[in-house]
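> missing the sequence, but the structure's below:
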């Protein structure tokens, strides 16, 4: 029977194989299981199979799911586009945000992060493919945004994230991910010691790991085809 547990283990095997091919330790790569639109029961099943990190893209849906799963010791990552009116929910209920692409959003997250919680771990989303319809800061603006975000209290800038334009061209996949790594390395030379590259999903995680990814975000390969969200109110 094709179960979440079996699919999860298959993904972990892919990560291990890709890491070995790149001469890397698979323990240096965090798998974020993307559970947006999937029910809390699927999160429980994945957690029971050993999964600890989960990614969500819709704030209201995520908060409701988190309440139903409050007994589970998991780490929640917000990975979707972030609207100004949703920053408080994200600041209060998540450990990581991968999708900061504007200083205004970072400032709101910083101001709204409860003092009793650890600093919110933040990645800047970069539009490495130059798509007009996709969120993300332009590569040429990453450095100035990173310096501004790094100065904000209650946040800890950890790295960069990208969702490149889908392609079956393995060389283009690798080129997009190499570009993100180069940006991270440039920031390191400027004094920002960032340790996270959030890149790679179900169809391209091998290329991402070869390029240095430290977090892969995988949904479909673990949970199956994405379920439709009924209304924007759930976002």
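Right, received. Where do you want to start? All values derive from a computational prediction rather than experimental measurement. Numbers count the residues shown, from 1 in each chain.
> I'd assumed residue 86 was in a helix, is it?
Yes - counting by DSSP: H, G, I helix; E, B strand; the rest coil, residue 86 is part of a helix.
> same for the lengthiest helix in the chain, what does it pack against?
Ranked by residue count under DSSP state H, the longest helix found in the chain is helix 170-189. Counting contacts by 3 or more C-beta pairs under 8 Å, 6 or more residues apart in numbering; DSSP states H and E, helix 170-189 packs against helix 142-150, strand 155-161, strand 196-198, helix 205-210. All C-beta atoms are positioned from the backbone trio N, CA, C, and that covers glycine.
> so that helix versus helix 142-150, what angle?
50 degrees (axes from the mean of the first three to the mean of the last three C-alpha atoms, to 10 degrees).
> Can you pull out the residues in contact with helix 170-189?
By C-beta atoms under 8 Å, 6 or more residues apart in numbering, the residues outside helix 170-189 that reach it are 126, 128-129, 139, 142-143, 146, 159-160, 162, 164-165, 167, 194, 197, 199-200, 204, 207-208, 210-213.
> which stretches of this protein form strands?
Secondary structure of the chain (DSSP state E): strands located at 30-34, 53-56, 75-78, 96-100, 120-125, 155-161, 196-198, 215-218.
> circling back: mind putting the helices and strands packed on helix 170-189 into CSV with distance to residue 221, mean pLDDT and mean neighbour count?
Formatted as CSV, the helices and strands packed on helix 170-189 follow (distance: least, C-beta to C-beta, whole Å; pLDDT from 0 to 100; neighbours: other C-beta atoms under 10 Å):
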stretch, distance to residue 221, mean pLDDT, mean neighbour count
helix 142-150, 29, 97, 18
strand 155-161, 19, 98, 23
strand 196-198, 17, 98, 25
helix 205-210, 8, 97, 24
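> Just put these in JSON lines and tack on distance to residue 104.
Shown next, in JSON lines, are the helices and strands packed on helix 170-189 (distance: least, C-beta to C-beta, whole Å):
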{"stretch": "helix 142-150", "distance to residue 104": "11"}
{"stretch": "strand 155-161", "distance to residue 104": "13"}
{"stretch": "strand 196-198", "distance to residue 104": "21"}
{"stretch": "helix 205-210", "distance to residue 104": "29"}
